[in-house]
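Enquirer: here are the coordinates; sequence isn't available:
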């Protein structure tokens, strides 16, 4: 599978800080069946507040539901 470098950077940062991180969702399905994937989601055991502290550029898209968007190299994760 060809997961983009910007997604790997986000998961690597989470892991370096002691959290677990997995690339999940439709993007993985698309890659498996040979389609172009563009919307990458990451599941983590880091709390939303922790994600906000770890990454400089974030959007609290659904913070009360546990969703934070991380902006990485011009992309949303």
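Expert: Perfect, I can see it now. This is a predicted model, so every value here is computed, not measured.

Enquirer: could you pull out the helices for the protein?
Expert: Assigned by DSSP state H, the chain shows helices spanning 5-16, 26-32, 48-54.

Enquirer: what's the closest residue to residue 69 other than its chain neighbours in contact with, if anything?
Expert: Spatial nearest neighbour of residue 69, chain neighbours left out: residue 59 (4.2 Å); criterion: C-beta to C-beta, 6 or more residues apart in numbering. From N, CA and C alone the C-beta is placed, and that goes for glycine too. When contacts are counted by C-beta atoms under 8 Å, 6 or more residues apart in numbering, residue 59 touches 68, 69, 71, 76.

Enquirer: what's the answer for residue 18, then?
Expert: By C-beta under 8 Å, 6+ apart, the contact list for residue 18 is empty.

Enquirer: spatially speaking, which residue is in the middle of this protein?
Expert: residue 42 (3.5 Å; C-alpha atoms, centre = their mean).

Enquirer: what residues are up against that one?
Expert: For residue 42, the contact set (C-beta under 8 Å, 6+ apart) comprises 7, 10, 11, 14, 21, 22, 23, 24, 70, 77.
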